[in-house]
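Trainee: I would like to see how this sequence folds:
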Amino acid sequence: MKSYSLRHAVIKAGMMILTAVLTPEGSARAGVKDGLLDIYWVDVEGGGATLIVTPAGESVLIDTGSAFERDAGRIFKVATEVAGLARIDHLETALVCPVNRVGEVDVYQVNHHGLDVSNNPVFVHALAPRISVMNNGARKGTAASTLAALRTSPGLAAMYQLHKNVRDDVENNTTDELIANLAEKCAGNFIKLAVAPDGRSYTVTIPASGHAKTYRTRKIP
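Mentor: Reported below is the predicted structural model:
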């Protein structure tokens, strides 16, 4: 993976755009400041943009939303104003795991925004996640089959969504408390997960609403 300045966000067409001025490279970083592994799900309206900051201050941005100033601006705001970053160290627009076998997990980032073309219940149940996070849009994702797969997954304690589904099938939503953006026209609120330094717990927050809940990590055999 290559290192990129936050002045650039790779968009779907492969171009690099960002319309903001950076702070000096020596600025404080979230992971270094709090000693946590921090994960931010940035609201890019049903696209994908997951920012990870390690305890050492190294940052990874996975996907960058759509080719709009809105998405680049939201990523920039979370990265600089919230995470305190001066640059993105690694950028990935696609992740493939052709060999590694994944077992049970604590956190499941719902595939494909929660569309019904993904999230097979056999797969979801095999992972047996403790919580799920869906980077859906107000009218994208939250398919009935996906919500059913999550709700019937053994041991699932909470389902988080970036957006409330405002289509007619409003039953395909988690509880409002676990949704970052309740209105279709929104401010682009994000969801954050922070792993404790000892790895024994993690806290999920929605800063805009004040929601915060800590979960114990799965015991490793």
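Trainee: secondary structure class for the residue nearest to residue 71 when sequence neighbours are not counted?
Mentor: Distance criterion Cβ to Cβ, 6 or more residues apart in numbering; nearest residue to residue 71, sequence neighbours excluded, is residue 65 at 3.2 Å. Using the backbone N, CA and C atoms, a C-beta is placed for each residue, glycine as well. Using DSSP: H, G, I helix; E, B strand; the rest coil, the structure places residue 65 in coil.
Trainee: so residue 65 sits right up against residue 44, yeah?
Mentor: Yes - the pair formed by residue 65 and residue 44 meets the contact definition of Cβ atoms under 8 Å, at 3.0 Å.
Trainee: picking up where we left off before, dump the residue contacts of the residue nearest to residue 71.
Mentor: Going by Cβ atoms under 8 Å, 6 or more residues apart in numbering, residue 65 touches 11, 42, 44, 45, 47, 48, 49, 71, 72, 74, 75.
Trainee: just to check, residue 111 is in contact with residue 119?
Mentor: Yes - counting by Cβ under 8 Å, residue 119 is a contact partner of residue 111 at 5.1 Å.
Trainee: helix or strand with the lowest mean pLDDT in this protein?
Mentor: Least confident helix or strand, the chain: strand 16-17 with a mean of 30, by mean pLDDT, DSSP states H and E.
Trainee: okay, the residue positioned nearest the centre of the chain: pLDDT?
Mentor: What sits nearest the mean C-alpha location of the chain, by Cα atoms, centre = their mean, is residue 41, with 2.6 Å. The model reports residue 41 with a pLDDT of 96.
Trainee: having no further points to raise, I will conclude here.
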